[in-house]
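# Requesting a structural model of the entry that follows:
(one chain, ligands or ions: 1)
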Amino acid sequence: MISSRVLLALALGALSAQAIPSLKTRQSITTLSTNQIETYKPYTWYASTAYCAPANTLAWNCGTNCQANPTFKPIASGGDGDETQYWYVGYDPTLKTIIVAHQGTDTSELLADLTDGDIVYSSLDPTLFPGVPSSVEAHDGFQGTQSRSAAGVLAGVQSGISKYGATQVTVVGHSLGAAIALLDSIYLPLHLPSNIGVKFIGYGLPRVGNQAFANYVDANAAKVPVTHINNMEDPIPICPGMFLGYVHPSGEIHIQDSGSWDACPGQDNGSDLCIVGDVPYIWDGDESNHDGPYDGVTMGC
Ligand SMILES: *[C@@H]1O[C@H](CO)[C@@H](O)[C@H](O)[C@H]1NC(C)=O
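Numbering: from 1, shown residues only. The predicted structure follows:
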């Protein structure tokens, strides 16, 4: 006689045999809870703060942006806001992470650049990115900007590791700053001890590189988690176009018109709950959505 417990086990076995493969092959779009959204808030402020002048981020006296993260310990800052976007590095003892942040740029200028032909991509510089396959290619302009702050950012991170015993680095940015930050999230692990974790949180990220680039980022996602958050009908995240060979890595969160945040699985998910489906063409976009608000934070100093 078969006991009811055995029958239950058999039934559960049959269920999970069906459920497991379908879970593996189909990841669904999930809506973030209010608590999950709130965990991004300090990083959103840090990305916004990168628009403040280097003297003010180094003294941490930049007003509302700086006050939003009151325990921050600045370490280094730089850039001229022209050739080299502003950047700063410091330590957040509350979040227990070093923060690296990069300034973005004017929405219309960036959109014009990325749609008017400034779209050439090439292999990463082997001095800055030793060991990355040459098939991994990224936008030349983004690479140039990242290279001009690379040494200063790395020195700041290294000093934060020795001064605060930090084991985590979070690289953030908005717009062009997000593109630079994504390149930093590839660059930094190649020059830091392997016990130092690096993660990327970007806002209004344009596409940075080709399919091999996106695959490289995805292949490292367990070590270097990537989250790129885009807002409503912002046209920047759909530039440069996929028809030019550009691909986003996985890790998209799309903010709906309703204000809810949806996590979109895969690269350039075409669902209309995600940016590719929501903004199929530039003319479907609304430039005013680029600066936010991202859960109440509008980018800028
Ligand atoms: C987009 O998300 C859906 C889940 O709703 C998933 O089934 C699909 O594979 C994703 N597309 C890509 C390109 O990853």
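# May I see the buried residues of whatever helix or strand Leu110 lives in?
Using DSSP states H and E, Leu110 sits in helix 107-115. By neighbour count on 16 or more other C-beta atoms under 10 Å, the buried set for helix 107-115 is Thr107, Leu110, Leu111, Asp113, Leu114. Every residue, glycine included, has its C-beta placed from N, CA and C.
# Averaged pLDDT, that helix. What do you get?
Helix 107-115 carries an average pLDDT of 89.
# and it, C-alpha only, in CSV?
Output in CSV follows, covering the C-alpha atoms of helix 107-115 (Å, rounded to 0.1, in the frame of the first residue of the first chain):
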residue,chain,number,x,y,z
THR,A,107,20.8,65.4,-23.6
SER,A,108,20.3,67.0,-27.1
GLU,A,109,24.1,67.1,-27.7
LEU,A,110,24.5,63.5,-26.8
LEU,A,111,21.5,62.5,-28.9
ALA,A,112,22.8,64.4,-31.9
ASP,A,113,26.3,62.8,-31.5
LEU,A,114,24.9,59.3,-31.2
THR,A,115,22.5,59.7,-34.2
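# Give me the packing partners of it, helices and strands only.
For helix 107-115, there is no helix or strand it packs on, judged by 3 or more C-beta pairs under 8 Å, 6 or more residues apart in numbering; DSSP states H and E.
# all helices for the stretch 201-301 of the chain, in order.
With helices called from DSSP state H, counting those that start in this stretch, the stretch 201-301 of the chain shows them at 211-219, 275-278.
# Can you add distance to Ala150, mean neighbour count and mean pLDDT and give those helices back as a markdown table?
Below are those laid out as a markdown table (distance: least, C-beta to C-beta, whole Å; neighbours: other C-beta atoms under 10 Å; pLDDT from 0 to 100):
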| stretch | distance to Ala150 | mean neighbour count | mean pLDDT |
| --- | --- | --- | --- |
| helix 211-219 | 17 | 19 | 98 |
| helix 275-278 | 28 | 22 | 96 |
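# Off-centre distance for stretch 214-228?
10 Å (C-alpha atoms, centre = their mean, to the nearest Å).
# And for Gln158, the neighbour number?
By the measure other C-beta atoms under 10 Å, the count of residues near Gln158 is 18.
# Remind me which helix or strand it belongs to.
Per DSSP H and E, the secondary structure element for Gln158 is helix 140-164.
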